[in-house]
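S.K.: 3D, please:
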Amino acid sequence: VQLQASGGGLVQPGSSLRLSCAASGFTLDSYNIGWFRQAPGKERGGIACITMSDFSTFHADSVKDRFTISGYNAKNTVYLQMDRLKPDDTAVYYCNADPVECLGPGGPWGQGTQVTGSS
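M.R.: Residues are numbered from 1 along each chain as shown. Next up, the predicted model:
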């Protein structure tokens with residue numbers, strides 16, 4: 001049972017990036033999939049979540065109107081489209097799956113993917 005986040009990189013302010021969260025060993029359709037991020041010197045926090053049974057979504061105020069979470073059961077993958085990126089978006093981004101609640105504790109954390117915004 002594993003989730004792998006990918007797609008990070010070095011970005012210019014105002015640019016876009018799409019992160020992917022791919023599942024292996026289980027199917028996402030009965031889970032809440034959350035995107036989290038941890039900036040240097042800060043705690044990891046949840047920023048977006050999707051309930052794969054009905055595709056309802058949540059976006060934190062810090063990313064609302066700039067980031068969009070989406071999910072595709074056929075691909076067993078969840079995406080995070082990030083637009084109008086800012087230097088403050090620099091962080092390691094992780095995804096996790098929780099069977100009960102959005103942005104819940106989920107399972108073991110994977111490696112994450114680094115997003116670095118240049119200033």
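
S.K.: For T57, see how far away the closest residue to A60 other than its chain neighbours is.
M.R.: In this structure, A60 finds its nearest non-sequential neighbour in I47, 4.7 Å apart by C-beta to C-beta, 6 or more residues apart in numbering. Backbone N, C-alpha and C define where each C-beta goes, glycine included. According to C-beta to C-beta, to the nearest Å, I47 and T57 sit 11 Å apart.

S.K.: So between the two, which is more surrounded?
M.R.: In terms of neighbours (other C-beta atoms under 10 Å), I47 is the more surrounded of I47 and T57; the figures are 23 against 14.

S.K.: What residues sit buried inside stretch 84-103?
M.R.: Neighbour-count burial for stretch 84-103, counted by 16 or more other C-beta atoms under 10 Å, picks out 85, 89-98, 102-103.

S.K.: Tell me which residue lies nearest the centroid of this protein.
M.R.: W35 (2.7 Å; C-alpha atoms, centre = their mean).

S.K.: ok, that one - contacts?
M.R.: Under the criterion of C-beta atoms under 8 Å, 6 or more residues apart in numbering, the neighbours of W35 are L19, C21, G46, I47, A48, C49, I69, V78, L80, Y93, Y94, C95.

S.K.: Now do the buried residues in stretch 4-20.
M.R.: Judged by neighbour count using 16+ other C-beta under 10 Å, the buried positions of stretch 4-20 are A5, G8, V11, L17, L19, S20.

S.K.: Among the contacts of W35, which lie within strands?
M.R.: The members of those that map onto strands under DSSP state E are L19, C21, G46, I47, A48, C49, I69, V78, L80, Y93, Y94, C95.

S.K.: Touching, the first one and Q4? I think so.
M.R.: Translated: L19. No. Taking C-beta atoms under 8 Å as the contact criterion, L19 and Q4 are not neighbours in contact, 10.8 Å apart.

S.K.: Over to the residue nearest to the centre of the chain: give its phi and psi.
M.R.: Note on W35: backbone dihedrals following degrees, to the nearest 10 are phi -100, psi 130.

S.K.: what's across from it in the sheet?
M.R.: When bridges are assigned using DSSP bridges, the partners listed for W35 are A48, C95.

S.K.: show me where the chain has strands.
M.R.: Taking DSSP E as the criterion, the chain contains strands spanning 2-6, 9-11, 17-24, 32-38, 45-51, 56-59, 67-72, 77-82, 91-98, 113-117.
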